[in-house]
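Colleague: the sequence isn't on hand, but the structure is:
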């Protein structure tokens, strides 16, 4: 059984082989590839992977050796600008076709709906052999992108936004375009994997003929070891895994901070990922976006300069250390399907406060695993003139409620870890994936 993966990034194991910088994203795919290759005698799978590169490399196909394996991982690449996934390259279908003609896969498994290569696969390959794994959902994300932001922030265009043609309104338009590509891809595909009520609803409403296969995700391997300890963390510290665009909801957290600080003045918020609020040098001022400028305004208005720490890009080891250091993990996103960051926090047993949006309640039990509060679009805010402030107050109350009972925090920690280990069980998820591949290949 020949399987071709179409991924959004170059797998870290491949980047290492080529001597290129490795991405911190999708590290779990390396582990899954290793499991498949290790068990070839049982699963009878020959695996190849294809991924986008910004510029064409010298070779289009290589074999990456895997320790202890007779057969390595076959790798292909194609050129695609992943920084502008709303643009559909005219030669992409021909590139993908060359790969499929060379490998002749029984199943083409596309990870994610949000990039042009997924659409290209569905246009050139038989639907009954195409499997799309839903990650995010651009169509639904686009509906929430403006995230209760003030009108002046939405319409503002900074120098950086003008040069890059990347204002908040432009970003919103790009998500809408990506959502259109996503809908066509799902309509073209014969099979979809998902794991939440919202991605199943989207799939069936988009294409009632598609076969929807339930399959949970396996997370990065290092998060399955270690556990949060109340006595070893930094008291009253909050960790957010991302905050560089509106969907991630950092603005709600910043507006919630004054209320939290009234009771816990030592509170600090640590944010992983790119800092978009830098404003010290001329270069910083030129590079700042409207959303970055708004975050700066909230930091200054609420006197949070020494309360917010931007950590920059972090690898899996650094992320795990920060999770374990945190008193609470907060996910204030306006929309999510099933965020890996929440799953990783749960695996480690970090007490979690999350907005109840999208598919989160498919992986997180409010009141058992932690606290979920009404998020973006909740009827609770329907009559509120300032929905951003209203939600920020509810977020603040949720954090204060979490911190009011340390014994309850320990209970949440235990429950969340046990729940996440069932959801993200790598052995079960691997067996399910092989079962799906076998079912699809038998349709021939």
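Modeller: It's in. No experiment lies behind these values; they were computed from the predicted model shown.

Colleague: for the stretch 151-300 of the chain, just list every one of the strands.
Modeller: 191-194, 211-214, 237-240, 268-272 (DSSP state E, counting those that start in this stretch).

Colleague: and those strands as TSV, adding mean neighbour count, mean pLDDT and distance to residue 60?
Modeller: C-betas here are computed from N, CA, C, even on glycine. Formatted as TSV, these follow (neighbours: other CB atoms under 10 Å; pLDDT from 0 to 100; distance: least, CB to CB, whole Å):
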stretch	mean neighbour count	mean pLDDT	distance to residue 60
strand 191-194	24	96	27
strand 211-214	16	96	31
strand 237-240	23	98	40
strand 268-272	21	98	35
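
Colleague: got these as TSV, with distance to residue 441 columns?
Modeller: Listed next are the strands of the stretch 151-300 of the chain as TSV, based on distance: least, CB to CB, whole Å:
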stretch	distance to residue 441
strand 191-194	11
strand 211-214	13
strand 237-240	42
strand 268-272	40
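
Colleague: which one, of these, ends up nearest to residue 325?
Modeller: Taking CB to CB as the criterion, residue 325 comes closest to strand 237-240 out of the strands of the stretch 151-300 of the chain, the separation being 6.8 Å.

Colleague: what about that closest one, distance to the chain center?
Modeller: On the basis of CA atoms, centre = their mean, to the nearest Å, strand 237-240 sits 18 Å off its chain's mean C-alpha point.

Colleague: how about the strand or helix carrying residue 320: buried residues?
Modeller: If you go by DSSP states H and E, residue 320 is part of helix 316-325. Residues of helix 316-325 classed as buried: 316, 319, 320, 322, 323, 324 (neighbour count, 16 or more other CB atoms under 10 Å).

Colleague: include distance to residue 394 and pLDDT when you put these into TSV, please.
Modeller: Shown next, in TSV, are those (distance: CB to CB, whole Å; pLDDT from 0 to 100):
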residue	distance to residue 394	pLDDT
316	32	90
319	27	96
320	29	97
322	25	98
323	24	98
324	27	98
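
Colleague: a markdown table please, covering the residues you listed and showing distance to residue 76.
Modeller: As requested, the buried residues of helix 316-325 are arranged in a markdown table below (distance: CB to CB, whole Å):
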| residue | distance to residue 76 |
| --- | --- |
| 316 | 26 |
| 319 | 30 |
| 320 | 32 |
| 322 | 35 |
| 323 | 35 |
| 324 | 38 |
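
Colleague: helices of the stretch 301-444 of the chain, start to end?
Modeller: 316-325, 340-348, 387-403, 406-423, 426-442 (DSSP state H, counting those that start in this stretch).

Colleague: return the most buried member of these.
Modeller: Of the helices of the stretch 301-444 of the chain, the one with the most neighbours on average (mean count of other CB atoms under 10 Å) is helix 340-348, at a mean of 25.

Colleague: can you list contacts of that helix?
Modeller: The contact list for helix 340-348, computed with CB atoms under 8 Å, 6 or more residues apart in numbering, reads 217, 219-220, 223-224, 226-228, 239, 241-242, 319-320, 323-324, 329, 331, 336, 352, 354, 360, 363-364, 369-370, 416-417, 419-421, 423-424.

Colleague: so it versus helix 406-423, what angle?
Modeller: Calculated by axes from the mean of the first three to the mean of the last three CA atoms, to 10 degrees, helix 340-348 forms an angle of 110 degrees with helix 406-423.

Colleague: quick check: which ranges of this protein have low pLDDT?
Modeller: The model of the chain has pLDDT under 70 over residues 22, 24-27, 56-59, 66-71, 443-444.

Colleague: 80 instead, please
Modeller: Applying pLDDT under 80 to the chain flags the ranges 12-13, 15-28, 30-31, 41, 54-60, 64-72, 443-444.

Colleague: give me the domain ranges for it.
Modeller: 2-221+425-435, 223-423 (automatic domain parsing).

Colleague: quote the end-to-end distance of the shortest one.
Modeller: In other words, domain 223-423. Using CA to CA, to the nearest Å, the end-to-end distance of domain 223-423 comes out at 13 Å.

Colleague: again, but for stretch 368-379
Modeller: First residue to last in stretch 368-379 (CA to CA) measures 23 Å.

Colleague: likewise stretch 210-220?
Modeller: 29 Å.

Colleague: can you give me the helices in the stretch 151-300 of the chain?
Modeller: Counting by DSSP H, counting those that start in this stretch, the helices of the stretch 151-300 of the chain are 151-155, 159-164, 168-188, 197-206, 250-263, 282-287, 290-301.

Colleague: who touches the fifth one?
Modeller: Defining contact as CB under 8 Å, 6+ apart, one finds that helix 250-263 is touched by 147-149, 238, 240, 243, 267, 269, 271, 291, 294-295, 298-299, 302, 304, 307-308, 330, 332, 355, 388-389, 391-393, 395-397, 399-400, 403.

Colleague: hmm, try it at 6 Å
Modeller: If you take CB atoms under 6 Å, 6 or more residues apart in numbering as the criterion, helix 250-263 is touched by 243, 267, 298, 302, 304, 332, 391, 392, 395, 396, 399, 400.

Colleague: ok, now the third one?
Modeller: The contact list for helix 168-188 (CB under 6 Å, 6+ apart) reads 85-86, 113-114, 118-119, 122, 138-139, 141-142, 145, 154, 206-207, 290.

Colleague: tell me the buried residues in that helix?
Modeller: 168-169, 171-172, 174-179, 181-186, 188.

Colleague: repeat for the fifth one
Modeller: Taking 16+ other CB under 10 Å as the neighbour-count basis, helix 250-263 is seen to contain the buried residues 250, 251, 252, 253, 254, 255, 256, 257, 260, 261.

Colleague: hmm, back to that, list just the one of the helices of the stretch 151-300 of the chain that sits closest to residue 232.
Modeller: helix 250-263 (21.9 Å).

Colleague: just give me how far the closest one sits from the chain centre.
Modeller: On CA atoms, centre = their mean, the centre of helix 250-263 falls 24 Å from the chain's centre.

Colleague: what angle separates that helix from helix 387-403?
Modeller: Using the same axes, to 10 degrees: helix 250-263 against helix 387-403 is 50 degrees.

Colleague: number the residues from 749 up from this point.
Modeller: Let's use 749 as the start, then, which means that last one is helix 998-1011.

Colleague: between strand 1016-1020 and helix 998-1011, find me the angle.
Modeller: Going by the same axes, to 10 degrees, helix 998-1011 makes 160 degrees with strand 1016-1020.

Colleague: quick one, helix 998-1011 and helix 1038-1049 angle?
Modeller: 10 degrees.
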